[in-house]
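Novice: what follows is a predicted structure for the sequence shown.
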Amino acid sequence: MAAESYDAIVVGGGHNGLVAAAYLAKTGAKTLVLESRATTGGAATTEAPWPDAPEFRVTRLSYVMSLLPPTIMNDLQLERHGYKVFPMGPYYQAFPEGGSLTLYEEESQRAYDEIAKWSKQDADAYSQWNAWLGGLADVLGPLLLTVPPTIGSRKPRDLAATLRLAWRHRGLDVRTIADVTRLMTMSIADLLDDWFESPQIKGALAVNGVIGTWAGPQEPGTAYVMAHHSIGDVGDGRLGSWGFPEGGMGAVADAIASAGRSYGVTIRTGARVAKIAIAPGSGRATGVILDSGEELSAKVVVTSLHPKTAFLDHVGREHLPPEFAEDIEHWKTRSGVVKINLALAELPDFTANPGANLQEHHTGSVEMAPSMEYIERAFIDAREGRPALRPFSDGVIPTAFDRTLSPGGTHIMSLFTQWVPADWSAEPHRDELEKYADRVIDAYNEVAPNFKGAILHRDVVGPYEMEHDYGLIGGNIFHGELSLEQLFHMRPAPGFADYRTPVPGLYYASSATHAGGGVCGIPGMQAAKAAIADRRKAVRVRARPRRG
């Protein structure tokens, strides 16, 4: 019996896979998405984790939007398909020793006064810091949508791509190049020490340098991680702005899926891929084989899974160049992240800013990261092989805006916490994870004494569950660490950063490619564009009249 045939098959129904499928289908390609789980979205998922309380829904893993570019929103008309984002409020940290810090995005007297409570010098420096970041965003922002050239290749196409990149940045001065170099190589701790004096301000600004990263603020390269999280917006034109999607992160995936279906995409859930089918002789990808044994053929295959799964498991080393296979084997994908989702009977009532009624400090990030030393100590604990004694937490309360997630009068709080040992992805460690979660909750309870008593339900998701249930090997939300040796033309391997792979007909759309890290959709868009360009080129070549 002949295998069912498609123009394109996309492996993985996370947001990048769905974006790739939508772009392919827009060209008229008969496109199929295969997702192993019962629902699409991957790490961008809204779930009801408590069977006895299905009225509470949480954004179980990823939890805020920032880096999805207007290009994708407009190309796929996502707003027509239900995409709606509420911009987050300010950064807020209540300190165990007393007092609080609220960081506002706008330039205003209240923004200045908040920082000046802790340091007038830092208040004076803060606007210059934002201006400096804005200048770097002018350089780094466009790079997110740039296909990395194959640096070092002497092929005419690769040389041309490298020259185009150099020409585009020909106006950069010596100072800007130096600033970018520093950003790529420095620790966020050293960078902030150059700018600020107050431990409270430095703790607040260090958070973006370590989110989802197996590195403390003292580690080189964490300054870039901060920039990566600070150069996007949610469509409101504000640098580094973040937002809550209405309906949770799963609603983002749903909007992309809806757009794809409007172009003719077929989505199959509960369809786990076992292998990419490789044609003998040519080594070309010709489709997929499911766990069930079902075979599906396609002219183009796009995979959006973790590189170790996509290449080592689904393609197999025997079909890969040895150097490429070795690069993927060495791909770093540690994490130590623990996600804690809470259903609350009432909002946290902070001693420093009293009241369980909705206030502005509940509408943004509600942190437990009082200093860089606090964050660094949490990482040292995990690196030495034990869960952090005092974990740091990036918390948000999406129900401050989005009332679709819980009943009236109640709230959802999402805590993205770090760290536990990197090898906890190999075993569940349930008892230890619950004790770790207790310590996170106790830390918030120190500054908001009603917090622990307000918890109705809790859901603790560790690295093991992230890997085995969601395919995030090591529990890494970026499909690979954002370290210097794994950025731009090195992502996921030298010579293959252009969303193509060593296997003809197979394209790569995972967050392990350039611009991956965050729910941005850029890898999906770029992989689809690469496949479309190659198909059109092949058609043109076949259409040329033969001489003779």
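Specialist: Ah, there it is. Residues are numbered from 1 along each chain as shown.
Novice: my guess is Ile256 meets Leu76, correct?
Specialist: Yes - in this structure, Ile256 is within contact of Leu76 by CB atoms under 8 Å, at 6.6 Å. Glycine gets a C-beta too; all of them are placed from N, C-alpha and C.
Novice: who has more neighbours, these two?
Specialist: With neighbours defined as other CB atoms under 10 Å, Ile256 and Leu76 compare such that Ile256 has more, 34 against 25.
Novice: that older thread, what is in contact with Ile256 and Leu76 at once?
Specialist: Residues touching both Ile256 and Leu76 (CB atoms under 8 Å, 6 or more residues apart in numbering) are Val19, Ala22.
Novice: gap between the nearest residue to Gly221 once chain neighbours are set aside and Asp327?
Specialist: Nearest residue to Gly221, sequence neighbours excluded (CB to CB, 6 or more residues apart in numbering): Leu484, at 4.7 Å. Using CB to CB, to the nearest Å, Leu484 is found at 15 Å from Asp327.
Novice: quick one: which of the two has more around it?
Specialist: Asp327 (19 against 13).
Novice: not counting sequence-adjacent ones, nearest residue to that one?
Specialist: In space, Asp327 is closest to Ala493, 3.9 Å off (CB to CB, 6+ apart).
Novice: where does that neighbour fall, phi/psi-wise?
Specialist: The phi/psi pair for Ala493 (degrees, to the nearest 10) reads phi -160, psi 150.
Novice: and for it, the neighbour number?
Specialist: 24.
Novice: ok, it - contacts?
Specialist: Contacts of Ala493 (CB under 8 Å, 6+ apart): Pro307, Phe324, Asp327, Ile328, Trp331.
Novice: got it, and Ala310?
Specialist: Val11, Thr303, Ser304, Tyr508, Ser510.
Novice: pLDDT score assigned to the residue nearest to Gly475 when sequence neighbours are not counted?
Specialist: Distance criterion CB to CB, 6+ apart; nearest residue to Gly475, sequence neighbours excluded, is Pro463 at 2.9 Å. pLDDT recorded at Pro463 is 97.
Novice: was I right about Pro463 contacting Gly336?
Specialist: Yes - at 6.8 Å, Pro463 and Gly336 qualify as touching, with contact defined as CB under 8 Å.
Novice: now do the shared contacts for these two.
Specialist: Val420, Ala422, Trp424, Gly475.
Novice: which of those fall within helices?
Specialist: In helices, defined here by DSSP state H, there are no members of these.
Novice: closest one of those to Ala131?
Specialist: Using CB to CB, Gly475 is the member of the shared contacts of Pro463 and Gly336 that lies nearest Ala131, at 36.1 Å.
Novice: the least confident helix or strand in the chain by mean pLDDT: what's the following helix or strand?
Specialist: In the chain, the helix or strand scored least confidently by mean pLDDT, DSSP states H and E is helix 156-168, which has a mean of 53. On the C-terminal side of helix 156-168, the nearest following helix or strand under DSSP states H and E is helix 174-185.
Novice: which strands or helices does that following helix pack on?
Specialist: helix 120-144, helix 222-228 (3 or more CB pairs under 8 Å, 6 or more residues apart in numbering; DSSP states H and E).
Novice: need the ones you listed in CSV with distance to Thr410, can you?
Specialist: Shown next, in CSV, are these (distance: least, CB to CB, whole Å):
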stretch, distance to Thr410
helix 120-144, 36
helix 222-228, 34
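Novice: highest mean neighbour count out of those?
Specialist: Most buried of the helices and strands packed on helix 174-185 by mean neighbour count (mean count of other CB atoms under 10 Å) is helix 222-228; its value is a mean of 25.
Novice: name the next helix or strand following it along the chain.
Specialist: strand 243-245.
Novice: and that following strand, what does it pack onto?
Specialist: strand 85-87.
Novice: looking at the helices and strands packed on helix 174-185, spot the one closest to Pro49.
Specialist: helix 222-228 (28.4 Å).
Novice: give me the number of residues near Glu367?
Specialist: Neighbours of Glu367 using other CB under 10 Å come to 22.
Novice: give me the nearest residue to it, chain neighbours excluded.
Specialist: Gln93 is the one closest to Glu367 (CB to CB, 6+ apart), at 4.5 Å.
Novice: name the element that neighbour belongs to?
Specialist: strand 91-94.
Novice: partners of that strand, with directions?
Specialist: strand 100-103 (antiparallel), strand 365-368 (parallel) (DSSP bridges).
Novice: reformat those strands as CSV; add distance to His479.
Specialist: CSV is the format used below for those (distance: least, CB to CB, whole Å):
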stretch, distance to His479
strand 100-103, 30
strand 365-368, 24
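Novice: picking up where we left off before, can you pull the contacts of the residue nearest to Gly221?
Specialist: Applying CB under 8 Å, 6+ apart, the residues near Leu484 are Met184, Thr185, Pro220, Gly221, Tyr224.
Novice: wasn't the third one part of a strand?
Specialist: Okay, so that is Pro220. No - counting by DSSP: H, G, I helix; E, B strand; the rest coil, Pro220 is not found in a strand; it is coil.
Novice: got phi/psi on the closest residue to it other than its chain neighbours?
Specialist: In space, and not counting its chain neighbours, Pro220 is closest to Ser187: 5.4 Å by CB to CB, 6+ apart. Dihedral angles of Ser187 (phi, psi; degrees, to the nearest 10) stand at phi -80, psi 150.
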